[in-house]
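Visitor: sharing a model prediction with you, sequence too.
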Amino acid sequence: MADRQFDGRVALVTGAGSGIGYEEATSLARLGAKVVVNDVRTKHGERPEEATAEEVAAELTAEGLTAVADTGSIGDEDYAVGLVERTVERFGRIDILINNAGIIARGTSHDTDTKFLMDTFAINFLGSFWTQRAALGYMREQNYGRILNTSSGAAAFGAPGFFPYIVSKTAIVGLSRSAALDNADFDVKINSLCPVARTMMDPDHFDSRAHVDKDMVHPKWVTPIAMYLVGEECKFSGETLSAGVGVWARVFTGKTRGVPPNGLSSADVAEVIDDIFDVSEFKVLRSAAAQYDD
């Protein structure tokens, strides 16, 4: 990786006051990018790593790097859109958008009320939608851009007791994949990342899991994958990668070979269900149309 691979690039990182966002923002700046650091926190948190956007920007500026703070919640549409617009006003363009801001939200599918679900969606999904939509206008015009939307390892595979969080983060995968197809004619790459890391959203989650190597869930192991995905070398779009617990991997939805329904009725489904579920042969489809156009 080149020491200054992001020279001349302008990046916006949301939720960059701590954890994964902090690692991403500081890495981008140290690799040459001009970085807008966003976080909702207005004062330093109780834990040492819970910094404000101002503190992170000041840290980078003290190193002779270019970084500015922009404090606010991307759960507010006017703020989220304005955040992108201010990035362009400050630096003339936006090349990289990393949507990392989010909140943890507990609940089940049978007891989550509508308001709580919508409040969670506003930050975990709509915030990324608003910043992405605003950024795409500029990226399409300049025919260049890299967007990385943060989903979740839990969202990829499910977990009990986190229904609002998981459904809002699962929507991020659709957000990225659909946008990638909509912008396939431009040099704009939009991907998702499912990190498994200890962050300030749920700092005690791994403390009760003695079998998990705490170093392997440090946000620093997410950063190299993130830097690749927002770099010029990344030539694919609409993909979802996983990073955490000592593994970098691809996450995908596949379709099994399946069973032709010719001559079969509902009474026959039980007889062929094992063949329907058989994953020894499957395809990873580029889009929904691949089911019938290929």
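Guide: Looks like it came in fine. Keep in mind it's a predicted model, so treat the numbers as computed, not measured.
Visitor: number of residues surrounding residue 32?
Guide: Using other Cβ atoms under 10 Å, residue 32 has 18 other residues around it. Where C-beta positions appear, they are placed from N, C-alpha and C, glycine not excepted.
Visitor: so residue 235 touches residue 189, yeah?
Guide: Yes - judged on Cβ atoms under 8 Å, residue 235 makes contact with residue 189 at a distance of 7.3 Å.
Visitor: ok, the two, which is more surrounded?
Guide: Ranked by neighbour count (other Cβ under 10 Å), residue 235 and residue 189 place residue 189 first, with 25 against 7.
Visitor: dihedrals phi and psi, the more buried one?
Guide: The phi/psi pair for residue 189 (degrees, to the nearest 10) reads phi -110, psi 130.
Visitor: could you do residue 242 as well?
Guide: Dihedral angles (degrees, to the nearest 10) for residue 242: phi -120, psi 140.
Visitor: tell me how far residue 58 lies from residue 287.
Guide: The spacing between residue 58 and residue 287, counted by Cβ to Cβ, to the nearest Å, is 44 Å.
Visitor: longest helix anywhere in this structure?
Guide: In the chain, assigned by DSSP state H, the helix with the most residues is helix 163-182.
Visitor: name the residues of that one that are buried.
Guide: For helix 163-182, the neighbour count (16 or more other Cβ atoms under 10 Å) marks 163-173, 175-177, 179-180 as buried.
Visitor: state the pair within the residues you listed that is farthest apart.
Guide: Maximum pairwise distance in the buried residues of helix 163-182, criterion Cβ to Cβ, is 26.8 Å, between 163 and 180.
Visitor: contact partners of the helix or strand hosting residue 90?
Guide: Using DSSP states H and E, residue 90 maps to helix 77-91. Residues from elsewhere that reach helix 77-91 (Cβ atoms under 8 Å, 6 or more residues apart in numbering): 10, 12, 14, 34, 36, 38, 68, 70, 72-74, 94, 97, 126-127, 130-131, 133-135, 138.
Visitor: quick one: buried ones out of the residues you listed?
Guide: Buried members of the contacts of helix 77-91, counted by 16+ other Cβ under 10 Å: 10, 12, 14, 34, 36, 38, 68, 70, 72-74, 94, 97, 126-127, 130-131, 134-135, 138.
Visitor: in the protein, which residue is most central in space?
Guide: The residue lying closest to the centre of the chain (Cα atoms, centre = their mean) is residue 150, at 1.3 Å.
Visitor: quick check: the residue nearest to that residue when sequence neighbours are not counted vs residue 87, distance?
Guide: In this structure, residue 150 finds its nearest non-sequential neighbour in residue 100, 4.8 Å apart by Cβ to Cβ, 6 or more residues apart in numbering. Relative to residue 87, residue 100 is positioned 15 Å away (Cβ to Cβ).
Visitor: just residue 128 next, same as before
Guide: From residue 128 to residue 87 the distance is 15 Å (Cβ to Cβ).
Visitor: thinking again about what came up before, and the longest helix of the chain, how far out from the chain middle?
Guide: Helix 163-182 has its C-alpha centroid displaced from the chain centroid by 9 Å (Cα atoms, centre = their mean, to the nearest Å).
Visitor: is residue 65 in a helix, a strand, or coil?
Guide: Secondary structure, DSSP: H, G, I helix; E, B strand; the rest coil: residue 65 is coil.
Visitor: check residue 23 too.
Guide: Going by three-state DSSP: residue 23 is helix.
Visitor: and it, how many neighbours?
Guide: Residues near residue 23, counting by other Cβ under 10 Å, number 23.
Visitor: list the residues that contact it.
Guide: Per Cβ under 8 Å, 6+ apart, neighbours of residue 23: 219-220, 222-223.
Visitor: repeat for residue 286
Guide: Contacts for residue 286 (Cβ under 8 Å, 6+ apart) come out as residue 238.
Visitor: which of the three states applies to it?
Guide: Using three-state DSSP, the structure places residue 286 in coil.
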